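Participant: Predicted model and sequence follow; I will ask about them next.
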Amino acid sequence: MRNDELRHVRTDSVRVPDGPTVAVLAYTTALERRMIEDWLRSDELPTRYRLPARPEPLALDSRILAERLVGRTDDPLVLPVRVAWLPAERDGARRVRFSDVLALTNPRNPNLLLQKWLVRKGADRYRIVVAQPARLSELRAALEADDDEADERALARYVTRRAVVALERAERAVIGDRYKVPRLVAAQIMDSPAFRRRLDETAAEHGLSRAEVESRARSALDELVAVQSRLVTDLFSQAMRPLHSAAWTVHADDAGLRALRESNRRYSLVFLPSHRSYADAFVLGDILAANDFPGNHIMGGANLTFWPIGPVARRTGTVFIRRSFADDDVYKAALEEYFAFLLSKRFNLEWYFEGGRTRTGKLRPPRYGLLSYVANAIRRGRVEDAMLVPVSITYEGLAEVAAVAAEQTGATKKPEGLTWLVRYALNQRKRAGNVYVRFGEPISMRELLVTGGDPDLTPTPLMVPATAPDSEEHRALKRKALQKVAFEVAVGINCNTPVTVNCLVTLALLGVRDRSLTLEEVRAVVAPVRRYLDRRGVPQGGLHILDVEGGLEDVLSSLTHAGVVTTYAGGVEPVYSIQPGQHLVAAFYRNSGVHWFVNRSIMELAILHAHANPGDDPVRVAWEEAKNLRDLLKFEFFFPDRDTFESQMRDELAWLVPSWGDTLPTKEQALTGLVETGFFMSHRTLRSFFDAQLVVAERLAVRDPRLEVDRAAFLGECVAVGRQMLLQRRLHGPESVSSELFASALDLARNRGLLDRTEDSDSVRERRHAFAAELSDLAQRVALAESLDVSNRKVEA
């Protein structure tokens, strides 16, 4: 920007008024008003606003506009103007710093004395901002299109809101998109005709007065709406950055960010990251701010409302939502309207669709509640579309994993609070390696809902009766469409999650029991797995360090320093194993990339099953077993539909036997192909899940099917009995004794009807015993895979 343009920034297109111009002035001090009026009288005012006369100045106040503007018949051009104050430029950026606050100043909103000093100093610290103008008739027509019963006072409020929003947009041309913040949100929502109609319906349905419903709606919006502050945003990011910058080196996906920027020009972005750490929001927020993305509205839980995080986070865009509000239709209506408002104004959203941090290192099953609000905004025509952004955030090391692991064996979760925050901040001072942030391709939610068969968006085919909107069938179709949306997001996250060095090393060490490995033995396990990853083009995070002399030693040393691995160096050469009591922590790191090996592991076990039970058609036997294993693991991993799954398994076979072409290989060819790859994977990846299922199956087998299963008590029983089975060596390792894995296994049992309390209890008992027997046989097959593992034989040699 040239020096002669420093004081005036405009975003309006060239537009010569046919009539008078009214400048609506947004100011907080008499000095600001005088500065704007001087500018309106100066030669800096564009010529098109001087004809036929200089603009008439009016304060941007709905009461004044109601008296002096909206009743005019000469259809003036309404021109919003204000002064924007800027922080000093430091290191090429204009951001508020703590030194400014210590001086009792806010450079973005200076007091009168500071304003006078800044004006005397020169034009570098302020701009006269002019927003896109509009004719009064155009503003009236736009309001009447939404509310044909609006009066003059409503028009004055509407003009005020439009001017404020237009000035915010104009100011962002100066300060950057990262400071995009909503204004007058509650007022705009309460004035929305659609929302008022919904409140009327709610009042009638529950027999409440209109005044009471309106009061509750205002209260809900006051509780929900994030009051974003540019000052707090700058300071909060500076204060929280040490919580991750000291611990990790951040590697962001620049190509993914470029694709997102293009999508954000038209639609809201809904960021849906994996959730492994409390630091996730800070890491992602810093990356987006550094690339000048608007700040996300982060949907948060009530567990983080404690002082000082809660009040400060709310002023940086965090929306705290009640844990439970199923019976409060007014709150539900306010929340849904708030979502629709943010999406319609193209604000970006963010939440963790798993519902909480992962306890095992892999993705948890999705929660659909907040996704449904985005879907409803599209179904009801409030927005055309929203782009869902899968985000993978993968850490090489996490200090908080130890506490998460302890919760899986019965420890009580420590409540978040000030003491917790101090302890967390101290832990974050320890170096933990790298964090990798990758963005999936933006996904059109409308398109997913349509292809998923959402009845509100998909035309009913001819000769097919439409479902009634209130019918259970209609609701079931909508749920199914939403499940498809969540599945695609989960797949997008997994596809962009890299395999890290800690994932590979813990994969190697967890694969052996009660035994330490030398450096070369660890390398012998990792090498063929890396070749497999390279051939498949799997994303990798920092694996090149393993090619550097001393690289693997550094990784093992880092894990030893973190307390995950124990190193014995008193003999001829160092040997490494998982630190006692740290198997669940090690499994967390392994599981961050375990999904890349699931199909390979299923293929191994299916081939071994066909080899032992060939029948008349061993190939068909293998395919059926692969589908059965997929069904056993469907509560742990995200599998596509059966046809796509079969296609993926054929790809796995192609890696094993490249020459098989269009004809499936024999079981002998496939088994030979497995051995020749140099490794088996199923005992390293799936055993802990199958072992946990075995514990649940055996506990169900000895219970009376007529008795109800108390979930919490049953999971506690599984933890206790799982420890016993571990001591008896009936389970491979401590990573199988996990309340999270037991919970998924119990969900599987429920899905199979093994928790049904029917009159035919004998049938349920038989199916429970069959389930336990199936898993016992599977454990033996996993052990067979381990015995065939070439890399294991190298270890034993």
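Facilitator: Now that the structure is in, tell me what you want to look at. Numbers count the residues shown, from 1 in each chain.
Participant: tell me the contacts of residue 63?
Facilitator: By Cβ atoms under 8 Å, 6 or more residues apart in numbering, the contact set of residue 63 is residue 156. No exception for glycine: its C-beta is placed from N, CA and C like everyone else's.
Participant: likewise residue 492?
Facilitator: Counted by Cβ under 8 Å, 6+ apart, residue 492 has contacts 388, 390, 440-441, 443.
Participant: If any of those are buried, put those into a PyMOL selection.
Facilitator: Buried members of the contacts of residue 492, defined by 16 or more other Cβ atoms under 10 Å, are picked up in PyMOL with:
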select buried, resi 388+390+440+443
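Participant: Tally up the residues packed near residue 759, please.
Facilitator: Neighbour count of residue 759, defined by other Cβ atoms under 10 Å: 7.
Participant: one step back: pipe the contacts of residue 492 into CSV and attach pLDDT per row.
Facilitator: Conversion of the contacts of residue 492 to CSV gives the following (pLDDT from 0 to 100):
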residue, pLDDT
388, 97
390, 97
440, 94
441, 93
443, 95
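Participant: Could I get the contacts of residue 492 in a markdown table, plus columns for secondary structure and distance to residue 561?
Facilitator: What follows is the contacts of residue 492, written out as a markdown table (DSSP: H, G, I helix; E, B strand; the rest coil; distance: Cβ to Cβ, whole Å):
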| residue | secondary structure | distance to residue 561 |
| --- | --- | --- |
| 388 | strand | 39 |
| 390 | strand | 33 |
| 440 | coil | 33 |
| 441 | coil | 38 |
| 443 | strand | 40 |
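Participant: Spatially, which two of the contacts of residue 492 are the most separated?
Facilitator: Greatest spacing in the contacts of residue 492, by Cβ to Cβ: 388 and 441 (9.8 Å).
Participant: related to what we said a few turns ago, name the nearest of the contacts of residue 492 relative to residue 743.
Facilitator: Among the contacts of residue 492, residue 390 lies closest to residue 743 (Cβ to Cβ), at 24.4 Å.
Participant: In the stretch 201-350 of the chain, where is pLDDT below threshold?
Facilitator: Low-confidence regions of the stretch 201-350 of the chain, defined by pLDDT under 70, span residues 230-232, 235, 238-240, 243, 302-304, 307-308.
Participant: show me where it has helices.
Facilitator: Counting by DSSP state H, counting those that start in this stretch, the stretch 201-350 of the chain has helices at residues 210-224, 230-240, 242-245, 254-264, 280-290, 309-314, 329-344.
Participant: so residue 755 sits in a helix?
Facilitator: No: counting by DSSP: H, G, I helix; E, B strand; the rest coil, one finds residue 755 to be coil, located in no helix.
Participant: wait, doesn't it sit right on residue 748?
Facilitator: No: counting by Cβ atoms under 8 Å, residue 755 does not reach residue 748; the two are 10.3 Å apart.
Participant: joint contacts of these two?
Facilitator: With the criterion set as Cβ under 8 Å, 6+ apart, the contacts of residue 755 and residue 748 do not overlap.
Participant: quick revisit: and the contacts of residue 492 as a markdown table, adding distance to residue 90?
Facilitator: What follows is the contacts of residue 492, written out as a markdown table (distance: Cβ to Cβ, whole Å):
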| residue | distance to residue 90 |
| --- | --- |
| 388 | 37 |
| 390 | 36 |
| 440 | 35 |
| 441 | 37 |
| 443 | 39 |
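Participant: Surely residue 606 and residue 630 touch.
Facilitator: No: Residue 606 is not in contact with residue 630 according to Cβ under 8 Å; the separation is 9.7 Å.
Participant: quick one: which of those two has more around it?
Facilitator: Taking other Cβ under 10 Å, residue 606 and residue 630 do not tie; residue 606 has more neighbours (26 against 20).
Participant: Could you measure from residue 775 over to residue 338?
Facilitator: 47 Å (Cβ to Cβ, to the nearest Å).
Participant: neighbour count winner among those two?
Facilitator: Shown here are residue 775 and residue 338; by other Cβ under 10 Å, residue 338 has more neighbours (24 against 20).
Participant: If we ignore the residues flanking it in sequence, what's nearest the more buried one?
Facilitator: Nearest residue to residue 338, sequence neighbours excluded (Cβ to Cβ, 6 or more residues apart in numbering): residue 224, at 5.4 Å.
Participant: and if you look at residue 522?
Facilitator: Nearest non-adjacent residue to residue 522 (Cβ to Cβ, 6+ apart): residue 508, at 5.2 Å.
Participant: what packs against whichever strand or helix holds that neighbour?
Facilitator: Using DSSP states H and E, the element containing residue 508 is helix 501-510. When contacts are defined as 3 or more Cβ pairs under 8 Å, 6 or more residues apart in numbering; DSSP states H and E, helix 501-510 packs onto helix 519-536, helix 551-561, strand 575-578, helix 583-591, helix 682-685.
Participant: circling back to that earlier point, show me the contacts for the residue nearest to residue 338.
Facilitator: 319-321, 334-335, 338.
Participant: ok, so of the residues you listed, who is nearest residue 175?
Facilitator: Nearest member of the contacts of residue 224 to residue 175, counting by Cβ to Cβ, is residue 319, at 23.0 Å.
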